[in-house]
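*Asks:* here is my input, please return the structure:
(chains A and B)
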2 protein chains.
Amino acid sequence: MPIYKAPTRDTRFVINELLRLELYGDLPGFENASADMVDAVVEECGRFCSEVLAPINLSGDQEGCTRHADGTVTTPKGFKEAHAQFRKAGWGTLSAPEQFGGQGMPHVMGMMAEEFISSANQSWGMYPGLTGGAISAILAKGSPEQQAKYLPKMISNEWLGTMNLTEPHCGTDLGLIRTRAVPAADGSYAITGTKIFISAGDHDLTDNIIHLVLAKTPDAPDSTKGISLFIVPKVLVNDDGSLGERNAVSCGSIEHKMGIHANATCVMNYDGARGWMVGEENKGLAAMFIMMNAARLGVGIQGLSQAEAAYQNAVKYAQERRQGRALTGPAEPAEKADTLFVHPDVRRMLMDAKAYTEGMRALCLWGALQVDLSHKAVDEAERQMADDLISLLTPVIKGYGTDKGFDTCVNMQQVFGGHGFIEEWGMSQFVRDCRITQIYEGANGVQAMDLVGRKLPQNGGRAVQALFALVDGECAAAKLRPELEKLASQVEKANGELKAATMWFMQNGMANPNAIGAGAHHYMHIMGVVSLGLMWLRMATVSLDALAAGASDKAFYEAKLTTARYYGERFTPDAGALRRKIEAGSEALMALPVEAFATV
Amino acid sequence: MPIYKAPTRDTRFVINELLRLELYGDLPGFENASADMVDAVVEECGRFCSEVLAPINLSGDQEGCTRHADGTVTTPKGFKEAHAQFRKAGWGTLSAPEQFGGQGMPHVMGMMAEEFISSANQSWGMYPGLTGGAISAILAKGSPEQQAKYLPKMISNEWLGTMNLTEPHCGTDLGLIRTRAVPAADGSYAITGTKIFISAGDHDLTDNIIHLVLAKTPDAPDSTKGISLFIVPKVLVNDDGSLGERNAVSCGSIEHKMGIHANATCVMNYDGARGWMVGEENKGLAAMFIMMNAARLGVGIQGLSQAEAAYQNAVKYAQERRQGRALTGPAEPAEKADTLFVHPDVRRMLMDAKAYTEGMRALCLWGALQVDLSHKAVDEAERQMADDLISLLTPVIKGYGTDKGFDTCVNMQQVFGGHGFIEEWGMSQFVRDCRITQIYEGANGVQAMDLVGRKLPQNGGRAVQALFALVDGECAAAKLRPELEKLASQVEKANGELKAATMWFMQNGMANPNAIGAGAHHYMHIMGVVSLGLMWLRMATVSLDALAAGASDKAFYEAKLTTARYYGERFTPDAGALRRKIEAGSEALMALPVEAFATV
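*Replies:* Take a look at the predicted model:
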């Protein structure tokens, strides 16, 4: 059975030494995030995920979910019990607002927990995970009554939530949705329609499920400007908070999917179900984006999560499996063969994984800190800067993060040779589960377009200019230290490619928007290379300082320096190739008539 | 249900117009390969695959194989009937020697059939496919008696064959095998041991299965120098060719795999089974490599096959699915949304797929022609050149071809958005089935090491020097034509990166073999970029000539020119980045102690 141990040492390094959370002790919610407190929470959360959630991951994949004739859904063995333990321990409440029963800790801590949960069991983690998005929307747009009625029980995980956007004929293009919401005399609406791909749409973990549903009121414009958001509880909630009648919403079927078998992906049938509007009529898309943005960061870290779990297993296998001899001569002559670890090509895959996972962990937790700072920083300029950066980088964390996460899972499976293809080893599951992260919450092509079409031009390019300056400034400073000079130059060069690509978009995009669309994906990847590069530069700096200060855990910091070097050598060269592809433009790409794609 | 139509127009283009098979009419086997004959065979074979094999691909994946208590295996519905039709039509005999009942056509034609068969149904295709490897070994090393006894029935597909190499503790490192072969008085051997991952190890398609098994005789050296190869029939064959007793070999279990569910991957138990040595004692590895080399080309084309099938479905979906609007304004204002085809990022994925599949098809069929020429060319120098090139490029076709094939399948799945993750659409199957091609017949890391460790230095680097000269020569010639100048320069530049990387290996590999191992994978990919580049340069040249000659099928040749341009712009830039990664060497890659890979 595959293993998983939460990478708590590395997480603590990022939170306490890289982000230095305690520096923000004067901000609300940060007051308790002392290094000691962080250490304790990280270790305890890691233990829970490794001991409770990881052991039911492979069995959950094999068993899957079962829909019964009455539309109810049973989750795999152990899932319900794990949820009860999770609720009791309060792991879902870490960074939820205290006003509604949360612990009010920084988002950084919530993000930390999301990584561990998802590494241990992505399918399981999606049940509380989707609830997070629903909570965000009600927090931002719900009425005080709605907040009081739903939030405490959702935050405590007594009830879970879902997001209902997609319909059979539309996913990305939500202007096309057909689900109808007809107003009733009592202020509620009758919701009718079919939603598909609803993760955690039904299950047996909780007594109630709060669905957030996009629908159109009778006279709404026939576009994204005519979408409203509704709360539709599975079981109606009485005024005293007790559960009332069953609402007219049910799971019509469960999809047969490539992965995340243990999460019920439901077709949801709304048959005049009672719902209550959240926020203003026809302004549902804005509320939806609030759910989405939270969810996109969460999906980005799922890419990391699967890669981390796959990596741990590949490391273990490479240590145990003996095959062939080192190119430099037998490493262990007394054995019949050396371990896989001696082979440079196996090392290459493991080092790629190490450089990606540690860099991505830093980026995700740093991103979560920007979410905190965008709301809580004392200084307006600091709030704006944090908001600019996380808005810009959310599609990068989601798109680049999951693309590289998937590639990493595939490589880690490759380390196992033929055994990687056998389901019992668990490597196939990491690949299959990770695959969805590139697709859901906006496919990565949509992320790329969000980046170049919306985030880049916003406020006259303020955010991307801030990123350029940030990276250049830190590279210039780092270049003054001989040990960092090479890495800083490599990151600076990648940043130069990003700037050149941006300039190229500016020069060519006005006349031909397809020129931007044709380069969007590659642009997102260059920004990913630069962002991880910035994180590696910072991690190298901190590690150098720690070694200079005589840190006891010397091997840890030395490994960081070696991995930083590896990142500079092996990841940054891609930026130049990607820039050249962008500069090829859209001419050849858009030239062919559709008929030319038939090879018959 | 997913579609598949054999890409016969493109295949005929490659065989008749690019390779110009009829030029070789004076060589044995080529006399009947006139353009008309080729057209007829290609079309008929394509029809068979599309109509008989493709319709049982998805159902085969869902049903899988069943092992019964007595160790016998039942294949999915329709597989046995399809095999009967296949045998009757003689599709397995195309390029088998006439002496044993084959049609004696060029390998090019066999390779053409392999692509179509595998695109239509990879799992099904592996049953006759593995037989091809077994036939090669008996042809090369079997005694006349063995050849007479087994080959006619294997070539006619009355019996099928397998290759038994891997054991639980060893795959790549065959020196470790434990299966024993004890000589009996009658010249046969008693084979005892366990083999795993035996594709098509048991099934109900034929009355007999001829296993080729690696084992060690009692006093054999305990290394790869002590391996012998044995024929072990499932049912013993009497001297008159009739079937006798059941041999002591059986399927112990079927693996649960990520893909190729419809091919029975068996644990095979040999319990004193009677076997007959093929070739000399302790020389089994050489015979094994004969099977392997044929199989590796076949696996390379499987990477193409799955990509082609996935591509066709993505093209269809992109034409039918309406979502969003073109960036340049509504393409079809009367519709509620435009098709996916208008979106540059969807185009990018489709054009990437088109450039890869068409380039890879040319490379594989060209490779098959080199196999033919290496045996049959009149001129010794021509035979040697063909042999050098195909030896060098076999690991590239297998390793680079399947890496890119898998990436292509993943991208084609991505075109489907959420629907790509749902099994019924079939895109998941293409990804899952294609995944094994990177692993079996030597994982791609093994291919990379075969390339840099064995193929590069052979004969003082003669083969790679021949490739350099070939590419440079054709680029220089093409640069004289203005329409080809840019592409030729791009391919030439990529070839320059390959030369630089080769030089770097020469300068650094002697002192540190790990420096070569650390760059092997990237080197294989640069050579893939250059090889496909050469094919695109040739295809562009032929297309330009055809247009100049007033070809009626103008759109076809114009599409080739556009796709060639796209290849130059979007594929060749990778060569530079890969070269830079190679030049990073092995220092950071090999530096860390194993303990540093634990993130806990």
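*Asks:* residue A:6: what's it in contact with?
*Replies:* When contacts are counted by CB atoms under 8 Å, 6 or more residues apart in numbering or on different chains, residue A:6 touches A:42, A:45, A:46, A:47, A:49, A:50, A:116, A:119, A:120, B:600. Backbone N, C-alpha and C define where each C-beta goes, glycine included.
*Asks:* may I see those residues organised as CSV, with neighbour count and secondary structure added?
*Replies:* CSV is the format used below for the contacts of residue A:6 (neighbours: other CB atoms under 10 Å in any protein chain shown; DSSP: H, G, I helix; E, B strand; the rest coil):
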residue, neighbour count, secondary structure
A:42, 24, helix
A:45, 22, helix
A:46, 25, helix
A:47, 14, helix
A:49, 26, helix
A:50, 19, helix
A:116, 29, helix
A:119, 32, helix
A:120, 26, helix
B:600, 12, coil
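*Asks:* could you check how many residues crowd around residue A:97?
*Replies:* 16 (other CB atoms under 10 Å in any protein chain shown).
*Asks:* distance of it relative to residue B:128?
*Replies:* Going from residue A:97 to residue B:128 by CB to CB, to the nearest Å gives 64 Å.
*Asks:* picking that back up, closest to residue A:299 out of the contacts of residue A:6?
*Replies:* residue A:119 (13.8 Å; CB to CB).
*Asks:* grab the nearest non-local neighbour of the closest one.
*Replies:* Nearest residue to residue A:119 in three dimensions, chain neighbours excluded: residue A:305, at 4.0 Å (CB to CB, 6 or more residues apart in numbering or on different chains).
*Asks:* how about that neighbour, what does it touch?
*Replies:* Counted by CB under 8 Å, 6+ apart, residue A:305 has contacts A:114, A:115, A:116, A:117, A:118, A:119, A:122, A:405.
*Asks:* phi, psi of the residue in the stretch 151-300 of chain A that chain B sits nearest to?
*Replies:* Among the residues of the stretch 151-300 of chain A, residue A:258 lies closest to chain B, at 3.8 Å counting by CB to the nearest CB. Backbone torsions for residue A:258, taken as degrees, to the nearest 10, come to phi -60, psi -40.
*Asks:* doesn't residue B:419 make contact with it?
*Replies:* No. Using CB atoms under 8 Å, residue A:258 is not in contact with residue B:419, being 11.2 Å away.
*Asks:* who's more crowded, the two?
*Replies:* Higher neighbour count among residue A:258 and residue B:419: residue A:258, with 23 against 19, using other CB under 10 Å.
*Asks:* now for the more buried one: which residues touch it?
*Replies:* Shown in contact with residue A:258 (CB under 8 Å, 6+ apart): A:432, A:435, A:436, B:421, B:422, B:423, B:428, B:431, B:432.
*Asks:* before we move on, what about residue A:370?
*Replies:* Contacts for residue A:370 were tallied using CB under 8 Å, 6+ apart; they are A:386, A:387, A:389, A:390, A:393.
*Asks:* mind redoing it with 7 Å?
*Replies:* By CB atoms under 7 Å, 6 or more residues apart in numbering or on different chains, residue A:370 lies in contact with A:386, A:389, A:390.
*Asks:* could you do residue A:256 as well?
*Replies:* So residue A:256 contacts B:422, B:423, B:424 (CB under 7 Å, 6+ apart).
*Asks:* what is the burial count for the last one?
*Replies:* The local packing count at residue B:424 equals 15, with neighbours defined by other CB under 10 Å.
*Asks:* got it, and residue A:145?
*Replies:* Residues lying near residue A:145 (other CB under 10 Å) number 10.
*Asks:* just after the host helix or strand of it, pick out the following helix or strand.
*Replies:* Secondary structure assignment for residue A:145, by DSSP states H and E: helix A:144-155. Once the chain leaves helix A:144-155, the next helix or strand it forms, by DSSP H and E, is strand A:160-164.
*Asks:* output the contacting helices and strands for that next one.
*Replies:* Packing partners of strand A:160-164 (3 or more CB pairs under 7 Å, 6 or more residues apart in numbering or on different chains; DSSP states H and E): helix A:122-141, strand A:189-199, strand A:209-215.
*Asks:* and these, which is most packed in?
*Replies:* Among those, the stretch with the highest mean neighbour count (mean count of other CB atoms under 10 Å in any protein chain shown) is strand A:209-215, at a mean of 27.
*Asks:* partners of that strand, with directions?
*Replies:* Its sheet considered, strand A:209-215 pairs with strand A:160-164 (parallel), strand A:228-233 (antiparallel) by DSSP bridges.
*Asks:* which residues does stretch A:338-347 contact?
*Replies:* A:318-319, A:321-327, A:330-332, A:415, B:445, B:448-449, B:514, B:517-518, B:520-521, B:586, B:589-590, B:594.
*Asks:* what is the neighbour count of residue A:465?
*Replies:* Here the count is done by other CB under 10 Å, and residue A:465 has 14 residues near it.
*Asks:* tell me the average confidence for the helix or strand containing it?
*Replies:* Taking DSSP H and E as the criterion, residue A:465 maps to helix A:458-478. Helix A:458-478 comes out with an average pLDDT of 98.
*Asks:* relative to helix A:458-478, how tilted is the helix or strand following it?
*Replies:* Per DSSP H and E, the first helix or strand lying C-terminal to helix A:458-478 is helix A:485-509. Comparing the axes of helix A:485-509 and helix A:458-478 via axes from the mean of the first three to the mean of the last three CA atoms, to 10 degrees yields an angle of 160 degrees.
*Asks:* how about helix A:485-509 and chain B, touching?
*Replies:* No. Applying CB under 7 Å from any CB of the partner chain, one finds helix A:485-509 out of contact with chain B, separated by at least 9.4 Å.
*Asks:* hmm, back to that, among the contacts of residue A:258, name the ones in helices.
*Replies:* Among the contacts of residue A:258, DSSP state H puts A:432, A:435, B:428, B:431, B:432 in helices.
*Asks:* so chain A: which segments form each domain?
*Replies:* Following automatic domain parsing, chain A resolves into domains at A:8-145, A:159-282, A:451-588.
*Asks:* find the nearest non-adjacent residue to whichever residue of the stretch 401-550 of chain A sits closest to chain B, please.
*Replies:* Closest approach of the stretch 401-550 of chain A to chain B (CB to the nearest CB) occurs at residue A:517, with a separation of 3.2 Å. Closest residue in space to residue A:517, ignoring its immediate chain neighbours: residue B:344 at 3.2 Å, by CB to CB, 6+ apart.
*Asks:* I'd like to know how many residues surround that neighbour.
*Replies:* As a burial measure, residue B:344 scores 26 neighbours (other CB under 10 Å).
*Asks:* ok, now the one 4 residues further on?
*Replies:* Under the neighbour criterion other CB under 10 Å, residue B:348 is assigned a count of 25.
*Asks:* now residue A:253
*Replies:* Residue A:253: 15 surrounding residues under other CB under 10 Å.
*Asks:* for the helix or strand hosting it, give the mean pLDDT please.
*Replies:* Using DSSP H and E, residue A:253 sits in strand A:249-254. For strand A:249-254, mean pLDDT is 98.
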